[in-house]
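Undergrad: Need coordinates for the following:
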Amino acid sequence: MCTRVVWPDANGSVIVGRNMDFHMDLLTNLWKFPRGVERTDGVNGDLTWKAKYGSIVATAFDLIATDGMNEEGFAGHILWLAESDYGKPKDSDTQLSQAIWLQYYLDNFATVAEAVEWTNSSQVKISQLFDPTGHLVPTLHLAINDASGDSAIIEYTDGNAKVYHDRAYQVMTNSPTFDKQLELVKQIDGLGGDKPLPGSTLASDRFARASFYVAHQVQPKTQIDAIAAMFSIIRNAAQPFRTPEPGKPDASQTIWQVVLDLTNKRYVFGSTTRPNLIWVDLDEVSFAEGTKTLKLELVSREALETGFAGNVSHQFRDPGELASSVIDTGVKALEFVAKKQDEFAAISKAVQSLVGKKKP
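TA: Below is the predicted model of the structure:
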């Protein structure tokens, strides 16, 4: 599920690209969240905060923040990692629901260094969600990057946060874990080894290709050149439409792509089912406290037929109280089911046992 690439020295700009790979449409829309939004951790409500920074966010089903950038040029990207193991957090632990994990970072941090320091000092635990798309429990890791070109990857494989923090960590894909990806890529010609550049859709092969091409870029003359170059890299790491592999939502087609200019604060979005690129210039958007949360409707009939294209910074609209209430209820439902996973698993097992018994 996905590839993220950072180009930290694109002629004075920090450019980031990301593919979203999944086995079905995530009904992604873009949202504008202002400063001052009050939120809770989505678990027990023990961690509460008021957003310090406004942000533009790409969601899944309008419920989960999957990708985004805040007004300081700090960005984050949620990707799939099958090896994730979040453990069983205690009630006394600082916790974040997967649905709010990325949003917490966008709301509170301007730099990767700040985010890493808080992650390590808080020892934050992640509470898993129920996945409404296929009854799979999401296993995710988080990449963060900022306008200075700094980068970090946060993974949970033994219940605790493992943070890989270095400007040199430009690429992230999926399995295996990041430390093993770093070792595998050293085998590739042009990256330290003598093996030819691989061409499959395996996460390790996408990691190698993205690493190779971002390391061999010429300096762009304009922002258009920089954004075009990053699109060429992530398209090379994209996955073609195909029959999804059973039980592997990460081994699926690319459904959308984004390129971010963290220096000039531009967020470019492209769907693989629609021909038009759109972008949001964050400097043209008001994130002032007291302004409304707004939505750019990308999956509606209107958006499909009229074909949004170009600068959509002023196309965000108020979703209305009813829509906001429905979304809030949906998030709470996912979080409730996630808390009761053990109970639901026991009930399911008992039901299956009864169904499987033959009548005398």
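
Undergrad: and Pro138, what is it in contact with?
TA: Shown in contact with Pro138 (CB atoms under 8 Å, 6 or more residues apart in numbering): 80, 98, 128-129, 131. Glycine gets a C-beta too; all of them are placed from N, C-alpha and C.

Undergrad: first to last residue in stretch 31-41, what's the distance?
TA: Stretch 31-41 has its terminal residues 19 Å apart, counting by CA to CA, to the nearest Å.

Undergrad: Mind listing what's buried along that stretch?
TA: Residues of stretch 31-41 classed as buried by neighbour count (16 or more other CB atoms under 10 Å): 31-35, 41.

Undergrad: Can you pick out the most distant pair from these?
TA: Farthest pair in those (CB to CB) is Lys32 and Asp41. Separation: 22.3 Å.

Undergrad: Just the ones of the buried residues of stretch 31-41 in strands?
TA: The strands, defined by DSSP state E, take in 31-33 from those.

Undergrad: now, which of those residues sits nearest Thr254?
TA: For these, the nearest to Thr254 is Trp31 (21.5 Å; CB to CB).

Undergrad: Give me the contacts around stretch 185-195.
TA: By CB under 8 Å, 6+ apart, the residues outside stretch 185-195 that reach it are 171, 196-198, 204, 207-208, 211-212, 215-216.

Undergrad: Just put those residues in CSV and tack on neighbour count and distance to Ala288.
TA: Listed next are the contacts of stretch 185-195 as CSV, based on neighbours: other CB atoms under 10 Å; distance: CB to CB, whole Å:
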residue, neighbour count, distance to Ala288
Val171, 28, 36
Pro196, 10, 53
Leu197, 14, 47
Pro198, 17, 48
Ser204, 18, 44
Phe207, 25, 40
Ala208, 29, 44
Ser211, 24, 40
Phe212, 19, 43
Ala215, 12, 40
His216, 10, 42
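
Undergrad: hmm, back to that, make JSON lines from the buried residues of stretch 31-41 and add pLDDT to it.
TA: Listed next are the buried residues of stretch 31-41 as JSON lines, based on pLDDT from 0 to 100:
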{"residue": "Trp31", "pLDDT": "97"}
{"residue": "Lys32", "pLDDT": "97"}
{"residue": "Phe33", "pLDDT": "97"}
{"residue": "Pro34", "pLDDT": "98"}
{"residue": "Arg35", "pLDDT": "98"}
{"residue": "Asp41", "pLDDT": "92"}
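
Undergrad: nearest to Ile233, of these?
TA: Of all those, Trp31 has the smallest distance to Ile233: 26.4 Å, by CB to CB.

Undergrad: Compute the distance between the closest one and Glu72, please.
TA: Using CB to CB, to the nearest Å, we find Trp31 at a distance of 17 Å from Glu72.

Undergrad: Leu140 too?
TA: Going from Leu140 to Glu72 by CB to CB gives 23 Å.

Undergrad: Comparing these two, which residue is more hemmed in?
TA: Applying other CB atoms under 10 Å to Leu140 and Glu72 shows that Leu140 carries more neighbours, namely 24 against 20.

Undergrad: what pLDDT does that one get?
TA: The model reports Leu140 with a pLDDT of 95.

Undergrad: Surely it touches Ala82?
TA: No - using CB atoms under 8 Å, Leu140 is not in contact with Ala82; the gap is 10.0 Å.

Undergrad: Tell me how many other residues crowd Thr293.
TA: 14.

Undergrad: So which of the contacts of Pro138 sit within strands?
TA: Those of the contacts of Pro138 mapping onto strands are Trp80, per DSSP E.

Undergrad: so which of the contacts of Pro138 is the most crowded?
TA: Among the contacts of Pro138, the one with the most neighbours (other CB under 10 Å) is Gln98, at 27 neighbours.

Undergrad: Now for that residue: which residues touch it?
TA: 64, 126-129, 138, 140.

Undergrad: Lowest-confidence entry in these?
TA: Among the contacts of Gln98, Leu129 carries the lowest pLDDT, at 78.

Undergrad: gap between that residue and Val171?
TA: As for Leu129, its distance to Val171 is 26 Å (criterion: CB to CB).

Undergrad: sorry, back to before: farthest pair in the contacts of stretch 185-195?
TA: Farthest pair in the contacts of stretch 185-195 (CB to CB) is Ser204 and His216. Separation: 19.0 Å.

Undergrad: Just put the buried residues of stretch 31-41 in TSV and tack on distance to Gly87.
TA: Formatted as TSV, those follow (distance: CB to CB, whole Å):
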residue	distance to Gly87
Trp31	30
Lys32	34
Phe33	30
Pro34	34
Arg35	33
Asp41	16
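
Undergrad: Out of these, the closest to Pro319 would be?
TA: Among the buried residues of stretch 31-41, Trp31 lies closest to Pro319 (CB to CB), at 8.6 Å.

Undergrad: one step back: which ones among the contacts of Pro138 are found in helices?
TA: Residues of these located in helices (DSSP state H): Gln98.

Undergrad: Among the contacts of Pro138, which one lies nearest to Asp107?
TA: Gln98 (15.6 Å).

Undergrad: thought Asn174 was touching Ala82?
TA: Yes - under the criterion of CB under 8 Å, Asn174 lies in contact with Ala82, with a separation of 7.1 Å.

Undergrad: For these two, indicate the residue with more neighbours.
TA: Remark: of Asn174 and Ala82, Asn174 carries more neighbours, 25 against 16, as counted by other CB under 10 Å.
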